[in-house]
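Undergrad: sequence first, then the predicted structure:
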Protein chains: 2
Amino acid sequence: MLMHITSVSVPHPHSLCELGIPTETNPIVSLSQLTYRKCNKIYGEKEPADYVYQVKSGAVRSYKLLRDGRRQIGAFYVSGDIFGLENGSLHRSTAEAVVDTTVRLIRRQNLDVISGSDGALAKHLLRMTTSNLKHAEDHMLLLGRKTSIERVAAFILEMDERLTDAGILALPMSRRDIADYLGLKLETVSRALSHLRKLGILGFIGATHRQIVLLDRQQLAGFDRQN
Amino acid sequence: MLMHITSVSVPHPHSLCELGIPTETNPIVSLSQLTYRKCNKIYGEKEPADYVYQVKSGAVRSYKLLRDGRRQIGAFYVSGDIFGLENGSLHRSTAEAVVDTTVRLIRRQNLDVISGSDGALAKHLLRMTTSNLKHAEDHMLLLGRKTSIERVAAFILEMDERLTDAGILALPMSRRDIADYLGLKLETVSRALSHLRKLGILGFIGATHRQIVLLDRQQLAGFDRQN
DNA sequence: CGCGAGTTTGAAGAAATTCAAACGATGTGG
DNA sequence: CCACATCGTTTGAATTTCTTCAAACTCGCG
């Protein structure tokens, strides 16, 4: 029997790349790791959380949506980061590949079994969850109390720490992603970045402007009044 | 030797009640529980986290400050809530009594010992941390993407669930506290509440306007476009 | 070469903030 | 008991910040 598709609604075309790519995941399987194409969903909100993931290469965004499509990205995950660790059986956010991304998989079930007997692993899980919590707490301060320039400065500094490619930040995500992470609009992010460039704090490389040179970390840090 | 006090700086008088009360905690000790006076500090950011706390009565705010005094309250804790559970050895936030508050104390050290041997407790700690994480994730969505009315509506609904005093919400916290929780200014919170009152969704009781009647939960929920 | 996707930039608009004043309710001292 | 200062809240008007709408720009790619 054929499914009758009454309307192909695309309620939230946050990034046009989402439109050109099948919405269902189409991962390339290889042992206990998967490769997701750019913009493919890794898991969705309220789906069963059967696996925990570790980024091998690429980048992942984790987000929540409001019914009208407003999106808040809670975190980006890059090489080495572990994500998808929920404690209930359901995912609380959606995770998508920002660019082509390979992840390692761990069956959650295995974790449960082990953590029942092995206190060390239980502690490890706790430590990971706590580090996510710390990130969320810092991010609440950013979202609730920082200005647009401070948010963008903090973002560049965060990415600089996590994406160390020797002087040049190769951002995998679009301005829209950054905006949805920082609680701003993409134009506001763009303006803030331009402003920092005019001040000689940042430099852009390439056409896409996804490669950023941090020319003056000191001065940039001055824009983020810290926590 | 006397400390030479060059200036008595009071950098962040967020609430005037803070000024009239000793800044150091002066808890009333009684077995394994403490009572803190209104506005007293329970612990400070970066202080050693030797205890975990459970609210017996009263209310607690947990917050972070920017250097210039901007404050983001990450959570309120009311009767029954557990807080102060950090995984590192230092607190990541400051906790203060919103009103006179009694808390139960658990030595953190004890937890560590037990969680080493007892998988059940380890899981319990993990579950509590995860529930804090879930709250933080939801709050990031609020802070990053909701309008002032949506934030205030969400706040009232949250408090209605947690402060169930039969129809009347007796808010322990000031407008400023609410504002710092919602990433707004106190005037904005006041305007939003007035707006909801004019719509017949809320009613105020008493002079202080800290008692709120939820007249139409349905309609209020309509203001919070949910996650 | 021209189209598409992502980014930048400008101008107008909306939302929240800032500054200011007024309003009870409360508590104090005369 | 009343006058008065204080505190938290509300309300108004002006201002700032961010957003919205629109257009232009750049580079990659067919």
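TA: Arrived safely, thanks for sending. Numbering: from 1, shown residues only, chains lettered A, B, ... in the order given.
Undergrad: any idea which element residue A:129 lies in?
TA: Using DSSP states H and E, residue A:129 maps to helix A:119-145.
Undergrad: give me the buried positions along that helix.
TA: A:119, A:121-123, A:125-126, A:128-130, A:132-145 (16 or more other C-beta atoms under 10 Å in any protein chain shown). C-beta coordinates here come from the backbone N, C-alpha and C atoms, glycine included.
Undergrad: quick one: is stretch A:161-178 near DNA strand C?
TA: Yes: between stretch A:161-178 and DNA strand C, judged by C-beta under 7 Å from any atom of the strand, the touching residues are A:174, A:175, A:176.
Undergrad: contact partners of that stretch?
TA: Applying C-beta atoms under 8 Å, 6 or more residues apart in numbering or on different chains, the external contacts of stretch A:161-178 come out as A:14-15, A:58-59, A:61, A:73, A:76, A:78, A:98-99, A:152, A:155-156, A:159-160, A:181, A:186, A:189-190, A:205, A:210-214.
Undergrad: buried among those? Need that as a selection in ChimeraX.
TA: The buried residues among the contacts of stretch A:161-178 can be selected in ChimeraX (16+ other C-beta under 10 Å) with this line:
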select /A:14,15,58,59,61,73,76,78,98,152,155,156,159,160,181,186,189,190,212,214
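Undergrad: which ones among the contacts of stretch A:161-178 come in contact with DNA strand C?
TA: Within the set of these, contact with DNA strand C (C-beta under 7 Å from any atom of the strand) is found for A:15, A:186, A:189, A:190, A:210.
Undergrad: dump these into JSON lines; add distance to residue B:44 as well.
TA: Formatted as JSON lines, those follow (distance: C-beta to C-beta, whole Å):
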{"residue": "A:15", "distance to residue B:44": "42"}
{"residue": "A:186", "distance to residue B:44": "38"}
{"residue": "A:189", "distance to residue B:44": "34"}
{"residue": "A:190", "distance to residue B:44": "39"}
{"residue": "A:210", "distance to residue B:44": "40"}
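Undergrad: select, from those, the two members most distant in space.
TA: Maximum pairwise distance among these (C-beta to C-beta): 15.0 Å, between A:15 and A:190.
Undergrad: could I get the pLDDT score of whichever residue of chain A sits closest to DNA strand D?
TA: Per C-beta to the nearest atom of the strand, residue A:207 is where chain A lies closest to DNA strand D, at 2.2 Å. Looking at residue A:207, its pLDDT is 75.
Undergrad: do the same with residue A:220
TA: 97.
Undergrad: roughly how far does it sit from chain B?
TA: Applying C-beta to the nearest C-beta, to the nearest Å, the value for residue A:220 to chain B is 16 Å.
Undergrad: check which helix or strand that residue maps to.
TA: helix A:217-223.
Undergrad: buried residues, that helix. List them.
TA: Buried residues in helix A:217-223, counted by 16+ other C-beta under 10 Å: A:220, A:223.
Undergrad: which one of the ones next to DNA strand C among the contacts of stretch A:161-178 sits closest to residue B:105?
TA: Among these, and counting by C-beta to C-beta, the member closest to residue B:105 is residue A:189, at 44.9 Å.
Undergrad: could you check whether the strand or helix carrying that closest one is close to chain B?
TA: Residue A:189 belongs to helix A:186-198 when assigned by DSSP H and E. No: with C-beta under 8 Å from any C-beta of the partner chain as the criterion, chain B is not reached by helix A:186-198; the gap is at least 12.6 Å.
Undergrad: for that helix, packing partners?
TA: Packing contacts for helix A:186-198, counted by 3 or more C-beta pairs under 8 Å, 6 or more residues apart in numbering or on different chains; DSSP states H and E, involve helix A:148-162, helix A:175-182, strand A:202-205.
Undergrad: could the C-alpha coordinates of it be exported in CSV?
TA: Extracted in CSV, the C-alpha atoms of helix A:186-198 (Å, rounded to 0.1, in the frame of the first residue of the first chain):
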residue,chain,number,x,y,z
LEU,A,186,22.4,35.5,11.4
GLU,A,187,22.6,39.1,10.2
THR,A,188,23.5,40.1,13.8
VAL,A,189,26.3,37.5,13.9
SER,A,190,27.6,38.7,10.6
ARG,A,191,27.6,42.3,11.7
ALA,A,192,29.4,41.4,14.9
LEU,A,193,32.1,39.5,13.0
SER,A,194,32.5,42.4,10.5
HIS,A,195,32.9,44.7,13.4
LEU,A,196,35.6,42.6,15.0
ARG,A,197,37.3,42.4,11.6
LYS,A,198,37.3,46.2,11.2
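Undergrad: so that helix versus helix A:148-162, what angle?
TA: Orientation of helix A:186-198 against helix A:148-162 (axes from the mean of the first three to the mean of the last three C-alpha atoms, to 10 degrees) gives an angle of 70 degrees.
Undergrad: helix, strand, or coil at the most centrally placed residue in chain A?
TA: Taking C-alpha atoms, centre = their mean, the centroid of chain A lies closest to residue A:76, which sits 2.0 Å from it. Counting by DSSP: H, G, I helix; E, B strand; the rest coil, the backbone at residue A:76 sits in strand.
Undergrad: which residues pair with it across the strands?
TA: Note on residue A:76: beta-bridge partners residue A:61, judged by DSSP bridges.
Undergrad: any idea which helix or strand comes after the helix or strand bottoming out on mean pLDDT in chain A?
TA: Lowest by mean pLDDT, DSSP states H and E among the helices and strands of chain A is strand A:28-30, with a mean of 48. Using DSSP H and E, the helix or strand that directly follows strand A:28-30 along the chain is strand A:33-36.
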